[in-house]
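Trainee: Sequence first, then the predicted structure, then my questions.
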There are 4 protein chains.
Amino acid sequence: MTLLTPDAKGVFVISVTPFTDSGAIDFDSLDRVVDFYFEKGADGLTILGMMGEAQKLTQAESRAVAQRVIKRAGGRPIVVGVSAPGLAAIGELGKAVMDMGAAGCMVTTPGSLKTDPQIHAYFAQVAATLGQDVPIVLQDFPLSTGVHISDEVLGRIIDDVAQVVMLKHEDWPGLAKITKLRAAEAAGRRRISILCGNGGIFLPEEIARGANGAMTGFGFPEMLSDVVRLASAGDMDRAQDIFDAYLPLVRYEQQPGAGLAVRKYVLAKRGAIASAALRSPGAGLAPAAIAEVERLLTRQDNRLKELN
Amino acid sequence: MTLLTPDAKGVFVISVTPFTDSGAIDFDSLDRVVDFYFEKGADGLTILGMMGEAQKLTQAESRAVAQRVIKRAGGRPIVVGVSAPGLAAIGELGKAVMDMGAAGCMVTTPGSLKTDPQIHAYFAQVAATLGQDVPIVLQDFPLSTGVHISDEVLGRIIDDVAQVVMLKHEDWPGLAKITKLRAAEAAGRRRISILCGNGGIFLPEEIARGANGAMTGFGFPEMLSDVVRLASAGDMDRAQDIFDAYLPLVRYEQQPGAGLAVRKYVLAKRGAIASAALRSPGAGLAPAAIAEVERLLTRQDNRLKELN
Amino acid sequence: MTLLTPDAKGVFVISVTPFTDSGAIDFDSLDRVVDFYFEKGADGLTILGMMGEAQKLTQAESRAVAQRVIKRAGGRPIVVGVSAPGLAAIGELGKAVMDMGAAGCMVTTPGSLKTDPQIHAYFAQVAATLGQDVPIVLQDFPLSTGVHISDEVLGRIIDDVAQVVMLKHEDWPGLAKITKLRAAEAAGRRRISILCGNGGIFLPEEIARGANGAMTGFGFPEMLSDVVRLASAGDMDRAQDIFDAYLPLVRYEQQPGAGLAVRKYVLAKRGAIASAALRSPGAGLAPAAIAEVERLLTRQDNRLKELN
Amino acid sequence: MTLLTPDAKGVFVISVTPFTDSGAIDFDSLDRVVDFYFEKGADGLTILGMMGEAQKLTQAESRAVAQRVIKRAGGRPIVVGVSAPGLAAIGELGKAVMDMGAAGCMVTTPGSLKTDPQIHAYFAQVAATLGQDVPIVLQDFPLSTGVHISDEVLGRIIDDVAQVVMLKHEDWPGLAKITKLRAAEAAGRRRISILCGNGGIFLPEEIARGANGAMTGFGFPEMLSDVVRLASAGDMDRAQDIFDAYLPLVRYEQQPGAGLAVRKYVLAKRGAIASAALRSPGAGLAPAAIAEVERLLTRQDNRLKELN
């Protein structure tokens, strides 16, 4: 069991949770998609995030998913989303998954947080609840949570809560935030890992600004891996060539709500999961959307051939 | 086990969850406060609501609280709050408490509901998840949930979801909503029970408008019981005399967030629970607030003596 | 022309804007209600606030209202609400009313402010826009604006923006905020005036906590004046006796949205304005509400007689 | 003066408002950018929208901008954004610009609208306020307004408010909404024009779904024009080839808040406006962002050369 550190980098794919058409968790597909992500270049996985339909699972199911993925990952790092409306539930799930061998816990802000001091206090409470050995990934996702975390309060959290080792960065716009965090570190603040979300739609720029990688989902995780590797090595042109080839689909998959159905459709088509089904009340892709995705896939394929 | 019906009326007190000073659930006090509520005139109880600090409990704790209260109530109706971010968790807790003998499940709107059709669809999904025998109390509390339920969509839910037998009414302002619902019933719509919340701060007017009682908390539940009884019987003057005597404290206790600490302080002072402690991150009353409450209690006592 | 200072105290009534039944501004009634407020004990007035239906006026109308009220007030202080979506409009109206002889400008937070640094920066921008001689009343009203101003950021604004001379306090709950601000001043921070809003529903406690008065509306402004005077002089019992007599109506008038129709109904009944009409899309009181208000007025009258 | 009709189609560019570096309106640049937009293929313009920094203008400035643009447009249709917190201000500006020769008024939902019936009532009030001859563009932009307009309530507005002749569609995700609206029209509902926003990021799919064009801004309006023309003619491959070449910049320019600085930077670089300055409190592009934009422009240029 390896714990997440501020040196973490690369691609942590946000994993889907596969379901059968009747809504049961499909554990065989879960194994398969874990393998798929690592084959396509993932350095780790993040499970039970929003795009993992975590809110639709019972707590028993959440534990079963975590157990299965951690085992299948065979020692590679698994971050587990443990956000919940209350601290007790966060502590309960967090401790359970750390005992299973998770690398860390991801937590975002409940909508009840209204001011910067409340946001700051919240992460101190979460850290105390999880216990001091548990690495925390702070998910900064205002579009979904409605809570905006200023650079300033983020800095105070980093100063005061040593367990926060990573920022899952998906503020939007958020490029300047990366630059400011790195500047503050250059001026002496403790360094944390920054992995970026938002479906990767700003990934080349984010890496160039100093991010350490991606923590997001996309039907073609090899894109994330290639772009992070190339851009981190300074080969921005090649990174952006690859990125641009996938961008029409990245854009399409980034639609809030609808995007997960696209992602599962692509993963099912690629054989990584058996069914594209979302658990209710989620809906699958309508025929018009399937036609749009298929068209984009064909074009993407052609574009990638031109690139090679 | 008696199930809740659209004929339900009277006072369903929203029960606190007692904790020890160290944050553990105090089950002895839970028994005691259940007895207290019934002694003071409650017709039923509602547990695991927002003012029951439900979000701070683990699911195992939630079940233990429900089990204890239902047993202690000895057949009197217990409504259980089962709101959760996802349907699976709602179904899991809902079925568990119905098996224990709960009278019905209370559900409110998650903040993700943005339009009237989404609100309508949500209660149909909740009903299907809980199963057709489970009576549902629809909690309409926009100040807390951020979701506003129009008269119109409420009517469509009543038309289409037969399991909804009661409205926990705490829209604010909400008097006109009661009048509209009763007018629609007079014109033929299925009748449901309306019990009112908001700490009872509009209780005399609500009963006069056609509400069937109160579903709320207050440190002196005998006020709720007296006002509902008298106002329902048409004795508005006596109802309002009693109400007015308690109103300065009702007002003080209705402060969002801070109010629960007031309520627990009063209940502890009255011997209904051993400790006024809130579970973290809740805070108890500051000394200045204690002084204010004590002052109001003394005045209330004097005013009640004048009344009798 | 006297400018508002941090020493301001007493009652600044939030004035209604009277309309004829056809929706035109009724300037004769405006004169009359200004006189009425001062006769009932107001120390100053605040115009063009939310309860003055400011958003329903054209800018030309806003200027005409300000001109009329400032003239009628004959040197007594008039604060003018100048909140607008953009700085240019704030500056335009603010400068115009200061030239007319206003005592200061009241500004609240636009909903676009998401973080504490943004809130802080905003008031610096407003101050620069209005010009350094213009006293600013910072309106802190999260229930209406959706923006929550922490004690901490309020302190930073007081430190950095000298033009902020007064807090219109209507956070809810907000008693602890008064105590914290006064404690910070005792420890050396610049003192500002605190006048409280929320229809006066916590006025006795607010004065006891250190507030300097009320800035709010109520159909019986003499209550505000009496309570502020008595509570400021330490006679809390008499202050609360008077407060309690009006409290059932205060509570009823404090309903968001509906409350303004109640206030105008009472003012019209008392002869302070000719018509209770709200400008469209506002609606007047429904018959059921009129009956409720009349009942409360009769009881209030009786209670006041008992007091004297 | 030609009024907007439900048959409107093509590209209505959302115009920037050019400022000098000191924050004054640059009317010469305004003339120039109007010419630029039409030279690049615009069929009409929309002014005083959010991306036109309308909220930063005084009302006198808003009128001056409208006057200048309408005159310069020489008869081509100009839509004017007239959204304001109150109806009186909407009516005042709306009537003024219609008198100047505007083709119609664009109105969005104030954040105070909470339920579908309120949204429906609002557009009826706006229509009555503007007067029956004024064509209305309903702007549906929940990401910015916080108000979500369901297909259902949109249908009721179309049924009941004949003045609504166009939907400025920028719900996100919103492709299914176009399909539903067109299906309802096929089943008999009155047809309205649908022009799409969101910086054009879904433009090929939107046209294929039945939209009539674009109403949005982008530093290269010729892309919008080409894509609308080609996709409307069924040449989706060529439309998407052109779209894809611009997509990296479209994506970058679509960042909320930051995007306008990018757009103005590009327009200034292309000679359409003299200065890229935003009016305060807006900020220009930071050096890191300028470097990113320049890099994208170089790549875009190369890609376009390959296409031709």
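Mentor: Perfect, thanks for sending it.

Trainee: residue ranges of the strands in the stretch 51-200 of chain A, please?
Mentor: Ranges of strands in the stretch 51-200 of chain A, per DSSP state E, counting those that start in this stretch, are A:78-81, A:104-108, A:136-140, A:164-169, A:193-196.

Trainee: Identify, out of these, the most deeply packed stretch.
Mentor: Most buried of the strands of the stretch 51-200 of chain A by mean neighbour count (mean count of other CB atoms under 10 Å in any protein chain shown) is strand A:78-81; its value is a mean of 28. C-beta coordinates here come from the backbone N, C-alpha and C atoms, glycine included.

Trainee: what packs against that strand?
Mentor: Counting contacts by 3 or more CB pairs under 8 Å, 6 or more residues apart in numbering or on different chains; DSSP states H and E, strand A:78-81 is packed against strand A:44-47, helix A:59-73, helix A:87-100, strand A:104-108.

Trainee: just how off-centre is that strand within its chain?
Mentor: Strand A:78-81 has its C-alpha centroid displaced from the chain centroid by 9 Å (CA atoms, centre = their mean, to the nearest Å).

Trainee: Chain D versus the residue in the stretch 201-308 of chain A that chain B sits nearest to, what's the distance?
Mentor: The minimum distance from the stretch 201-308 of chain A to chain B, using CB to the nearest CB, falls at A:P281 (5.3 Å). According to CB to the nearest CB, to the nearest Å, A:P281 and chain D sit 15 Å apart.

Trainee: Repeat that for A:S280.
Mentor: From A:S280 to chain D the distance is 18 Å (CB to the nearest CB).

Trainee: Need the three-state assignment for that residue.
Mentor: Three-state call for A:S280 (DSSP: H, G, I helix; E, B strand; the rest coil): coil.

Trainee: what's the closest non-adjacent residue to it?
Mentor: Sequence neighbours aside, A:G23 is the residue nearest to A:S280 in space, at 6.1 Å (criterion: CB to CB, 6 or more residues apart in numbering or on different chains).

Trainee: In contact with the one you found, which residues are there?
Mentor: Listed by CB atoms under 8 Å, 6 or more residues apart in numbering or on different chains, the contact partners of A:G23 are A:277, A:279-280.

Trainee: One more pass at 10 Å, please.
Mentor: A:56, A:277-280, A:282, B:88 (CB atoms under 10 Å, 6 or more residues apart in numbering or on different chains).

Trainee: and the strands of the stretch 51-200 of chain A as a markdown table, adding distance to D:F141?
Mentor: Output for the strands of the stretch 51-200 of chain A, formatted as a markdown table (distance: least, CB to CB, whole Å):
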| stretch | distance to D:F141 |
| --- | --- |
| strand A:78-81 | 30 |
| strand A:104-108 | 25 |
| strand A:136-140 | 24 |
| strand A:164-169 | 25 |
| strand A:193-196 | 26 |
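
Trainee: Out of those, which is closest to C:D235?
Mentor: Closest approach to C:D235 among these (CB to CB): strand A:104-108, 50.6 Å.

Trainee: Run the angle between the closest one and strand A:164-169 for me.
Mentor: 50 degrees (axes from the mean of the first three to the mean of the last three CA atoms, to 10 degrees).

Trainee: Let's see strand A:104-108 as CSV, backbone CA atoms only.
Mentor: Taking Å, rounded to 0.1, in the frame of the first residue of the first chain, the C-alpha atoms of strand A:104-108 are listed here in CSV:
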residue,chain,number,x,y,z
GLY,A,104,-5.7,8.7,-0.4
CYS,A,105,-9.2,10.2,-0.2
MET,A,106,-10.7,12.9,-2.4
VAL,A,107,-13.0,15.4,-0.8
THR,A,108,-14.9,18.4,-2.2
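
Trainee: how about low-confidence regions in the stretch 1-150 of chain A?
Mentor: Scanning the stretch 1-150 of chain A for pLDDT under 70 picks out A:1.

Trainee: Helices of chain A, start to end?
Mentor: Taking DSSP state H to define them, one finds helices in chain A at A:27-39, A:59-73, A:87-100, A:116-130, A:142-145, A:151-160, A:175-186, A:203-208, A:221-232, A:236-253, A:258-269, A:287-307.

Trainee: ok, back up a step: ok, the residue of the stretch 201-308 of chain A closest to chain B to chain C distance?
Mentor: Distance, A:P281 to chain C, using CB to the nearest CB: 27 Å.

Trainee: Leaving out sequence neighbours, find the closest residue to that residue.
Mentor: Closest residue in space to A:P281, ignoring its immediate chain neighbours: B:Q125 at 5.3 Å, by CB to CB, 6+ apart.

Trainee: same deal with A:R190?
Mentor: A:I158 (5.8 Å).

Trainee: and the residue of the stretch 1-150 of chain A nearest chain D?
Mentor: Closest point on the stretch 1-150 of chain A to chain D, by CB to the nearest CB, is A:L143, at 8.1 Å.

Trainee: Which positions in chain A make contact with chain C?
Mentor: Proximity of chain A to chain C, by CB under 10 Å from any CB of the partner chain, involves residues A:113-120, A:142, A:146-154.

Trainee: So which bits of the stretch 1-150 of chain A are right by chain D?
Mentor: Going by CB under 10 Å from any CB, the residues of the stretch 1-150 of chain A near chain D are A:143, A:146.

Trainee: For the stretch 1-150 of chain A, which residues are neighbours of chain B?
Mentor: Residues of the stretch 1-150 of chain A lying near chain B (CB under 10 Å from any CB): A:23, A:53-62, A:83-93, A:110-112, A:118, A:121-122, A:124-126, A:128-129, A:144-146.

Trainee: Now restrict these to buried residues only.
Mentor: Buried members of the residues of the stretch 1-150 of chain A next to chain B, scored by 16 or more other CB atoms under 10 Å in any protein chain shown, are A:53-59, A:61-62, A:83-93, A:110, A:118, A:122, A:126, A:129, A:145-146.

Trainee: buried residues in stretch A:227-241?
Mentor: So, applying 16+ other CB under 10 Å, buried residues of stretch A:227-241: A:227-232, A:236, A:239-241.

Trainee: Tell me how far it lies from the chain's centre.
Mentor: On CA atoms, centre = their mean, the centre of stretch A:227-241 falls 20 Å from the chain's centre.

Trainee: So is it next to chain D?
Mentor: Yes: for stretch A:227-241 and chain D, the contact criterion (CB under 10 Å from any CB) is met by A:236-237, A:240-241.

Trainee: From start to finish, how long is that stretch in a straight line?
Mentor: Terminal residues of stretch A:227-241 are spaced 9 Å apart (CA to CA, to the nearest Å).
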